[in-house]
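> from the sequence below, what's the structure:
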Amino acid sequence: MIWTGYSILQAGKNFRIDGDWKNESWLNEDGTEKQQPLYKPGDRYVVDENGWLKHVEHVGVANVK
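Numbers count the residues shown, from 1 in each chain. Now for the predicted structure:
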């Protein structure tokens, strides 16, 4: 799947992805959850050596900076 039409906002080491409406990456315009969201609150990812963000199920809070 290719996602287009988003802006990446960076603040220091943190970033977020903005679309045309608030939380577009995981919600439809009417506020219902997307069937295949880009990500949603609580998701955790690690970046591999090729730059891919890999979704991980169990990451302790102490491991997230």
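> so who does Glu49 touch?
Applying CB atoms under 8 Å, 6 or more residues apart in numbering, we find Glu49 in contact with no residue. C-beta: built from backbone N, CA, C; applies to glycine.
> look up how far Phe15 lies from it.
Remark: distance between Glu49 and Phe15 (CB to CB, to the nearest Å) = 19 Å.
> again with Trp52
From Trp52 across to Phe15, the span is 16 Å (CB to CB).
> and the residue most central in space within the chain, which of the three is it?
Residue closest to the mean C-alpha point of the chain, counted by CA atoms, centre = their mean, is Tyr39 at 3.9 Å. Judged by DSSP: H, G, I helix; E, B strand; the rest coil, the three-state class of Tyr39 is coil.
> quick check, pLDDT for it.
As predicted, Tyr39 sits at a pLDDT of 90.
> ok, the residue lying closest to it once chain neighbours are set aside - contacts?
Distance criterion CB to CB, 6 or more residues apart in numbering; nearest residue to Tyr39, sequence neighbours excluded, is Ser25 at 5.9 Å. Contacts of Ser25 were listed using CB under 8 Å, 6+ apart, and they are 6, 17, 19, 37-40.
> can you lay out those as a markdown table showing distance to Asp30?
Shown next, in a markdown table, are these (distance: CB to CB, whole Å):
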| residue | distance to Asp30 |
| --- | --- |
| Tyr6 | 19 |
| Ile17 | 20 |
| Gly19 | 14 |
| Pro37 | 14 |
| Leu38 | 17 |
| Tyr39 | 19 |
| Lys40 | 16 |
